[in-house]
Structures are given as structure tokens and as C-alpha cells.
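Trainee: sequence isn't available, so here's the structure alone:
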């Protein structure tokens, strides 16, 4: 087996997590594709720098984070403003998810699905319609018969509850 | 956390959750994305090679660092017999190999303890490709008839010798199989067993090397890893899982899951998966139910059983 095939195996095992990481910073799917490809190319170029005693996931996310920062500086088009500190924060969470049981990211996120199911309906429905079914806000307004501002509040509150629930399950709740 | 950091992190936390909700809802097929990146890499390989900072170092290594990574695992295995860390590395390596794109064919044998005290075995063949495709075939009651269970990406299916095709997601088909089929769909996935070995409920140890005869008659020098369930392990999990991984390639040559049954207890006793051959000629179509029957059959779709 040649070195590129071995590299592909490592990439294949880490792609789901890498894509989820990139999607945290970038909403546009074409941009996610581009940044993913750049990450893979840079990882291949810098394979010599990889400390093989450490897991490869954080290393790949480190590269992806730098690429996202460069993308942000160039285009100012990121979903959130990122810096070294926020990337560390994010990496800690992805590492905790990586440690969960399951072969795939989807399987590891059973904990999050349980959090979604436990949400009160007033938050669960908007979250499902928006992020699972990917419906536009205008559709959701009609389906739920709520005003745009109410919908936004429910989405925001729903996401906050999910984050709290997942962080609790990951043992990452920040102490007051 | 300082007061002025809070809003930034709230925003980040929301973006993090949005991304995860999407991954939690949909098990995406990443093949297109990976293939595109790897094709791009292949196209630029010569160019990229010239960008490497120390060509001499590259020559001396004679292999890329990716290969060195695996060599390091081998070296570690050779130098440090025994120890859970080494065993974990062997399992990790087998997981890498199990995720390869070349389809691999295995023989599956499940042994049951009957109320009479005797044992009965059911055999079948299993072809796996990567982490999300497999096909299990075992003979049906009629000569030439087969009972088939498969997975193609997110879709799991069951094809009995006659009658409708049953299609569903992992939870619905796994639920159905647990009710109906002794071979149990979850155990058919090599990755499932290997990952279970790594889980906290098992204690790992390395055994002595063994020469294993494959079902093709080839002799493969293997390292043996044993995972014994701790008292905290779940009741349905095997009491012991053993892996025989090829010293040369790291591939899982044999995996044996066994349950300790008390006297008079009936049920599944062991589950053995033995490597037979690579099947490079098989395409993705092989893992679809329609490839394995002629004419038309009705399809029954199962509702998800949740997680």
C-alpha cells in the first residue's frame, strides 16, 4: 500500500469530525468543501510535522482552524468570529465528542439526539425544522404560526439548552 | 470566564451546536468529498512532493511519514510485547485496515447452545467494504436459497429467500435482526467488534504470536489481542473478544467473540469471523439488495426505532 493510500485511510476516519468542525465556522457548503480540501492538502504537505504519538484528529483540526482564520481574514465570511482562543475552546469540545462511544460521528452524537428529544416542543420543533429539515425561516414561521422574532428567540434558546445538555453529558459544564 | 468573552462564546456555542445537530440528524456519505480531495492530491502529488522542505530526509525515509507512522506502530509492537497500549495500537491498526475500500470476504460462524446441552452452528459469508458497506449471506432452508443482510451507506436491508425486501436504518433493522436473526447485524461489522474491544468495559492484553490458517489455506503470522469484559460490562456484550491481526498488514484475520454460558443456559455461545480473501472486483452495486434477486419484489420500509 502506498503512502497516499495510508494517508487516505487516516483522512477517511477523520472527515466527519473535520467537516463538522469546519461547519462551525463556515455556513456556505461550497466554502466547507474548499476549506476541507485545503486542509487535506496542507496536512499531506506537513505530514513530516505530525507527532505520531498524538492523535491525528486535533492535529487536522489545528490545520483546519488556521485555514479558517486565513479564510476569515481574506473574505470576512465566517459564521462566527474566530481566534486562537475560540479554536481551542472548540477543539476541547470536539475532542470530548471524539471520546464518546461509536464508530461514526453520527453514532457518537446519540447523546445530542437524546438532548433534542428531551427539549420542550416549543424549542424542539423549530430546531428540527431549521437544522434537520433545513427549512427557511419563512416556512417555519408559517408552519408554527409564530412571528419571526419569536421564532428566532426560540431557536436561540433551544440551541442554548442543547449546548448546556450536551456539555453536561460531555462533562464540560463550566463552573460558575 | 470574563464578562466580555461571554457573547463571543455564546455565538460560537450556537454555531457549534448547529453544526452538530446537522451531523446528529443525518449520517452523511463523505465519499464524494474525500474522493475529490484525494483526486486533487493525486493531481498535485509531484508538485507537492517538490514542496517538501527536506528532499534528502524524504529519500532517507524512503516512505512517507504516513507509512512511517504505521511502521512505528509495528516497531512498538515488536519491542513491547504485552500491555494494553500495544494491544490498543494493534486494534487501531486493524480498524484502519477494516476501513479500506477493497472489499474483504470473511466466513462467519455462530454457535448456539441448545437446551439439550449440544451445540449447533450456523455459517455464512460476509463481505465488508469500508465502514459502511457489508453483505452477509447464509443458506436458507431450501437448496440454493440464501438469506441476505446488507448495508449500503445509511440504508440497512434484509433479503429473505422469498418475499419482500426489508429496508430501514441501523436502529430499525438492528432491532428486527435481534428479534429474528441469530447472527445479529451489529456484530457483522468488523469495526463494531474492534471498537467494542477498545471500549472501557474491556481489559486488553497481548498474547503470543500465532500462525493462523485462513479459510483459503494460507498461513498468516498473527499477533493476538484479547479483550476480557470487566464486571461493569453490559450483559449482552461478549465476555471475551479476541483479535488475530496479521503481523504483515495489520488486517483482522480472525475475530472471535464468546459468551460464557452457565450450565443449562441456552443461546449464542460464540461468533467467529475469519478472513477468506480480498474481493477487488466487487462494486458498490454488490451491497444493494436488487443485485441479488431477479424480477421485482415489494419493499417494506421500517420506521426508525430511535437510539
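Mentor: Yep, it's here. Worth saying up front: this structure is predicted, and the values here are computed from it rather than measured.

Trainee: name the SS class of residue A:11, please.
Mentor: Three-state assignment for residue A:11 (DSSP: H, G, I helix; E, B strand; the rest coil): helix.

Trainee: what about it, neighbour count?
Mentor: Neighbours of residue A:11 under the rule other CB atoms under 10 Å in any protein chain shown: 25. In this view, the C-beta of every residue, glycine as well, is placed from N, C-alpha and C.

Trainee: same check, this time on residue A:53
Mentor: Neighbour count for residue A:53, taken as other CB under 10 Å: 8.

Trainee: would you agree it falls within a strand?
Mentor: No. Counting by three-state DSSP, residue A:53 is not part of a strand but coil.

Trainee: and the pLDDT for it?
Mentor: Here, the pLDDT recorded for residue A:53 equals 78.

Trainee: for it, phi and psi?
Mentor: Geometry field for residue A:53 lists phi and psi as phi -80, psi -10, criterion degrees, to the nearest 10.

Trainee: how near is it to chain B?
Mentor: Computed as CB to the nearest CB, to the nearest Å, the residue A:53 to chain B distance reads 8 Å.

Trainee: how about the contacts made by that residue?
Mentor: Counting by CB atoms under 8 Å, 6 or more residues apart in numbering or on different chains, residue A:53 makes contact with nothing.

Trainee: again, but for residue A:118
Mentor: Residue A:118 makes contact with residue A:165, according to CB under 8 Å, 6+ apart.

Trainee: and it, how far from residue B:20?
Mentor: To residue B:20, residue A:118 is 15 Å away according to CB to CB, to the nearest Å.

Trainee: and if you look at residue B:111?
Mentor: Distance check for residue B:111 against residue B:20: by CB to CB, it reads 41 Å.

Trainee: between these two, who's got more neighbours?
Mentor: Taking other CB under 10 Å, residue B:111 and residue B:20 do not tie; residue B:20 has more neighbours (26 against 17).

Trainee: now tell me what touches the helix or strand containing that one from outside.
Mentor: Residue B:20 belongs to helix B:6-25 when assigned by DSSP states H and E. Outside helix B:6-25, the residues that touch it by CB under 8 Å, 6+ apart are A:16, A:19-21, A:23-25, A:79-82, A:86, A:89-90, A:93, A:97, A:105-106, A:109-110, A:112-113, A:116, A:127-128, A:131-132, A:156, A:159-160, A:162-163, A:166, B:1.

Trainee: pLDDT below threshold where in chain A?
Mentor: Along chain A, segments meeting pLDDT under 70 span A:1-2, A:74-79, A:173-176.

Trainee: 80 - rerun?
Mentor: Counting by pLDDT under 80, chain A contains low-confidence ranges at A:1-6, A:27-30, A:52-53, A:72-82, A:103, A:134, A:173-176.

Trainee: show me where it has helices.
Mentor: For chain A, the helices defined by DSSP state H cover A:3-25, A:29-45, A:56-75, A:84-98, A:105-108, A:110-118, A:121-127, A:137-144, A:148-170.

Trainee: for chain B, same thing?
Mentor: Under DSSP H, chain B gives helices at B:6-25, B:31-43, B:45-51, B:55-61, B:65-79, B:84-98, B:170-180, B:190-198.

Trainee: lowest average pLDDT across these?
Mentor: Note on those: helix B:55-61 shows the lowest mean pLDDT, a mean of 28.

Trainee: would you check how far apart residue A:55 and residue A:49 are?
Mentor: Distance from residue A:55 to residue A:49, by CB to CB: 15 Å.
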